[in-house]
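Novice: Below are the sequence and a predicted model; questions follow.
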Amino acid sequence: MLMRRITLFSEGIYFQAGFGLGLILLLSLPVSRTWLESSLIMHMLVQIPLLALAGWMLGTGLFKNRLLSWNERGIPGLLIALFALLFWMIPRWLDAALSEPLWEVIKFITVPMLIGVPLGISWLRMSGFARAVVWTNGISMLVVLGWLYVAAPVRVCNNYLVNQQEEFGYVAMLLALFIAICWIGLLFFGSWKQPHNHCD
């Protein structure tokens, strides 16, 4: 039993899970929340992605070889993550997370568990084409979201000023452009070969 635990730790399973849990705890500290939620850019493009990353680490660490029978080719997990992400892109719920402690707790639970974990256990099970679809949809989603925040004549989020939402909109569109350039570079110079999957 001791040797098995040592082997699991050496493979990075406990380390990844511990890293993910530690990141969630770090992000939940009052000073971290205050800093990251002080602007719309930090809230949506730093805090939420970091929470999703923490969930990804938990998923690949603890559930890599579990919860696989229902997750055919990673598509069910991807759909769960997509719907959860769309939910937290709605300004109403971002405002709720800032104004109501219960919704803040819900955010810190659902973003890692319903976005990060499903993506973590689904990504390597998806085909190269499916992953390309995810990238293209993510880029287009960022562009549309950024444009909406720039074009909106009124405050979309009650907790952030109009100039903050405009700044977020421009940054989101620039980020989409950067991701698109990197993705095109991978398309021409990288490899879309499906990595060997040890889960099957």
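Specialist: Received the coordinates, thanks. All of these numbers come straight from a predicted model, not from anything done at the bench.
Novice: ok, now how distant is the closest residue to His43 other than its chain neighbours from Pro49?
Specialist: Spatial nearest neighbour of His43, excluding adjacent residues (CB to CB, 6 or more residues apart in numbering): Glu37 at 5.1 Å. From N, CA and C alone the C-beta is placed, and that goes for glycine too. Applying CB to CB, to the nearest Å, the value for Glu37 to Pro49 is 14 Å.
Novice: The two: which is more packed in?
Specialist: Using other CB atoms under 10 Å as the criterion, Glu37 and Pro49 rank with Glu37 on top: 19 against 14.
Novice: Leu98 is in contact with that one, correct?
Specialist: Yes. Judged on CB atoms under 8 Å, Glu37 makes contact with Leu98 at a distance of 6.0 Å.
Novice: Okay, now the unreliable bits of the chain?
Specialist: 1-13, 63-69, 190-200 (pLDDT under 70).
Novice: From Gly185, how far out is the most centrally placed residue in it?
Specialist: Centroid check for the chain by CA atoms, centre = their mean gives Ala52 as the closest residue, at 3.6 Å. Noted for Ala52: a distance of 23 Å to Gly185, by CB to CB.
Novice: helix/strand/coil for the nearest residue to Ala96 once chain neighbours are set aside?
Specialist: Distance criterion CB to CB, 6+ apart; nearest residue to Ala96, sequence neighbours excluded, is Trp103 at 4.0 Å. What DSSP: H, G, I helix; E, B strand; the rest coil gives for Trp103 is helix.
Novice: which strands and helices sit next to the longest helix along the chain?
Specialist: Looking across the chain with DSSP state H, the single longest helix is helix 162-189. Here helix 162-189 touches helix 40-42, helix 128-151, going by 3 or more CB pairs under 8 Å, 6 or more residues apart in numbering; DSSP states H and E.
Novice: Keeping just the C-alphas, turn the helix or strand where Leu51 lies into PDB.
Specialist: Assigned by DSSP states H and E, Leu51 belongs to helix 48-62. C-alpha atoms of helix 48-62 as PDB (Å, rounded to 0.1, in the frame of the first residue of the first chain):
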ATOM      1  CA  ILE A  48     -12.500  32.600 -13.500                       C
ATOM      2  CA  PRO A  49      -9.800  31.100 -15.800                       C
ATOM      3  CA  LEU A  50      -7.600  30.400 -12.700                       C
ATOM      4  CA  LEU A  51     -10.600  28.700 -11.000                       C
ATOM      5  CA  ALA A  52     -11.100  26.600 -14.100                       C
ATOM      6  CA  LEU A  53      -7.400  25.700 -14.200                       C
ATOM      7  CA  ALA A  54      -7.700  24.600 -10.600                       C
ATOM      8  CA  GLY A  55     -10.600  22.300 -11.600                       C
ATOM      9  CA  TRP A  56      -8.600  21.100 -14.600                       C
ATOM     10  CA  MET A  57      -5.700  20.000 -12.200                       C
ATOM     11  CA  LEU A  58      -8.200  18.300  -9.900                       C
ATOM     12  CA  GLY A  59      -9.800  16.500 -12.800                       C
ATOM     13  CA  THR A  60      -6.600  15.200 -14.400                       C
ATOM     14  CA  GLY A  61      -5.200  14.400 -10.900                       C
ATOM     15  CA  LEU A  62      -8.100  12.600  -9.200                       C
END
